[in-house]
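*Asks:* Okay, predicted coordinates and the sequence, questions at the end:
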Number of protein chains: 2
Amino acid sequence: MHANVKQNVVPLITPGLKVACSQCNLRELCLPFGLDDHDMARLDNLIGGGRKVKRGHHLYRAGDAFESIFAVRSGFFKTDVLTEDGRDQVTGFQMAGEILGMDGISTEHHTCNAVALEDSEVCLIPFTELELLSSEIHSLQHHLHKVMSREIVRDHGVMMLLGTMRAEERLAAFLLNLSQRFAARGYSHSEFHLRMTREEIGSYLGLKLETVSRAFSRFQEEGLISVQQKHVRILDLPKLKSLLAPPDGRIA
Amino acid sequence: MHANVKQNVVPLITPGLKVACSQCNLRELCLPFGLDDHDMARLDNLIGGGRKVKRGHHLYRAGDAFESIFAVRSGFFKTDVLTEDGRDQVTGFQMAGEILGMDGISTEHHTCNAVALEDSEVCLIPFTELELLSSEIHSLQHHLHKVMSREIVRDHGVMMLLGTMRAEERLAAFLLNLSQRFAARGYSHSEFHLRMTREEIGSYLGLKLETVSRAFSRFQEEGLISVQQKHVRILDLPKLKSLLAPPDGRIA
DNA sequence: GCACCCCTTTGATCTGCGTCAATGCCACAC
DNA sequence: GTGTGGCATTGACGCAGATCAAAGGGGTGC
């Protein structure tokens, strides 16, 4: 098992897994957003092929030299940071069309781990070459900046969640966020399969796994959702949304 | 008071406050890092002058159209997000040499508020022009990306803090972080003046102001620091650092 | 320089979530 | 198909930090 994981650290390009943004149904969500055919072809040319990552394996690890960012083609990832003193914090879950690895730009080394939560495929985007191309294609440059900025804004949202919300609010926000992202990819917004464990959800939300489990059960008791293990169905979206209002319901 | 604040929303360029990276003792911390004289002059040329922001006034507000990022020349800022339901989360404190406003790139509008915690000065860096110049100066482009990436990494650190640490650990981490940043600017690492209130610290750390106050008192009782209102002196740095180890002290 | 108000401190009490524990189930590997 | 171990659920209890309350002090604005 450990040997397998180790093996996977090497950025193996899967032979024959040629990728092309122009053919990809995620292009409107992903990096090539807004590019014309010509420029998209140039981006295609740069992308270093695809790479498969099996469930449980690392796409990269904290400390790895930074060379590429990655676009999720299919599957599901988590990123987490762990400190020398043993703390572990899940910093995000990434699905198709989302970009991974931008944490590594600042120090030339990745600062978090990226792990596939199901068998997945990513596109490898060599960063030096991306910078080169983006200095020639203005809309690509600007979109890259937007993607990075969006990550910053997302992180602020998580800080808000961790800093101000109670357990059930956090879980509600989490489910609504997932629902919306699945919907944006053409999947059902009301019924989906969780790829992560209660513990991983808990780590992301700053809660213990038991608290997550209890909140799920409570939501089910109240008819907001039905949940069975990893299968979730949202039954009462408005009521779930209403949970995000603070206790005193003030209209600031 | 409110009129003053409103007034300040307009990006008033202070006449005669000409700025020059080449003359600035923060250039090693700030955007021009790594540029040669020629390129730094080009960056100087782009920077739209300075702007003074009085204590308590906004540099920008959530919802404002995004046009520039800002480099803090002097003073101290906080950024915070507030949701329609009345939650308020401080997302960061910025001091000289640090960059503000990158949250606005993604939607063309700022998504948080930036407020001066003391009379401050910033450099205005028009973003469209910065992108243009950075497509010509590779090292500038790369450094911009590093600055944005560093912000992402910093946010991950805050998520870790909010998600896994107990109150006293959070405050210790906060003080150590301030100490280090002051030191990097040539100020004492062991004695400084807090620009923010207990409530703002609490918001940043996901705690109530009373808890922050109690943690300060406890640190003082234990001889780790001396604190009187906003004046803090670190008396036992190693012991303060040792607080960051988790309760079970495991060496992962 | 003065007054006022916000900030801070400290105490008492409450509670949401963590912790500890035990049981049960499902998915995966073989 | 079957066995097994990780994952999930649920209960009992304790505690860290929130909440409520009150008083004092110092910095800020006029």
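*Replies:* Sure thing, it's come through.
*Asks:* How about A:Arg87, nearest residue that isn't a chain neighbour?
*Replies:* The shortest distance from A:Arg87 to any non-neighbouring residue, by C-beta to C-beta, 6 or more residues apart in numbering or on different chains, is to B:Thr164 (4.5 Å). C-beta coordinates here come from the backbone N, C-alpha and C atoms, glycine included.
*Asks:* Report how many residues lie close to the residue of the stretch 1-150 of chain A found nearest DNA strand D.
*Replies:* In the stretch 1-150 of chain A, the residue that lies nearest DNA strand D is A:Gly56 (8.5 Å; C-beta to the nearest atom of the strand). As a burial measure, A:Gly56 scores 14 neighbours (other C-beta atoms under 10 Å in any protein chain shown).
*Asks:* follow-up on the earlier one: need the phi and psi values for the residue nearest to A:Arg87.
*Replies:* For B:Thr164, the backbone dihedrals (degrees, to the nearest 10) come out as phi -130, psi -10.
*Asks:* measure it to B:Thr91 for me?
*Replies:* 18 Å (C-beta to C-beta, to the nearest Å).
*Asks:* Also A:Asp155?
*Replies:* Taking C-beta to C-beta, one finds A:Asp155 at 8 Å from B:Thr91.
*Asks:* go on, A:Ile47?
*Replies:* 33 Å.
*Asks:* Residue numbers of the stretch 151-252 of chain A in contact with chain B?
*Replies:* By C-beta under 8 Å from any C-beta of the partner chain, the residues of the stretch 151-252 of chain A that approach chain B are A:151-153, A:155-160, A:162-165, A:203-206, A:244-246, A:250-252.
*Asks:* returning to that earlier point: which of B:Thr164 and B:Thr91 has more neighbours?
*Replies:* B:Thr91 (26 against 21).
*Asks:* got a pLDDT number for the more buried one?
*Replies:* What the model reports for B:Thr91 is a pLDDT of 98.
*Asks:* which secondary structure elements does the host helix or strand of it contact?
*Replies:* Assigned by DSSP states H and E, B:Thr91 belongs to strand B:88-95. Using 3 or more C-beta pairs under 8 Å, 6 or more residues apart in numbering or on different chains; DSSP states H and E as the contact test, the elements touching strand B:88-95 are helix A:138-164, strand B:68-82, helix B:138-164, helix B:167-184, helix B:198-205.
*Asks:* Could you rerun that using 7 Å?
*Replies:* If you count contacts as 3 or more C-beta pairs under 7 Å, 6 or more residues apart in numbering or on different chains; DSSP states H and E, strand B:88-95 packs onto helix A:138-164, strand B:68-82, helix B:198-205.
*Asks:* and the helix or strand following that strand, what other elements does it pack with?
*Replies:* Per DSSP H and E, the first helix or strand lying C-terminal to strand B:88-95 is strand B:99-100. The contact analysis (3+ C-beta pairs under 7 Å, 6+ apart) places strand B:99-100 against strand B:68-82.
*Asks:* Tell me the buried residues in the strand it packs on?
*Replies:* Residues of strand B:68-82 classed as buried by neighbour count (16 or more other C-beta atoms under 10 Å in any protein chain shown): B:68-73, B:75-82.
*Asks:* Alright, calling it a day.
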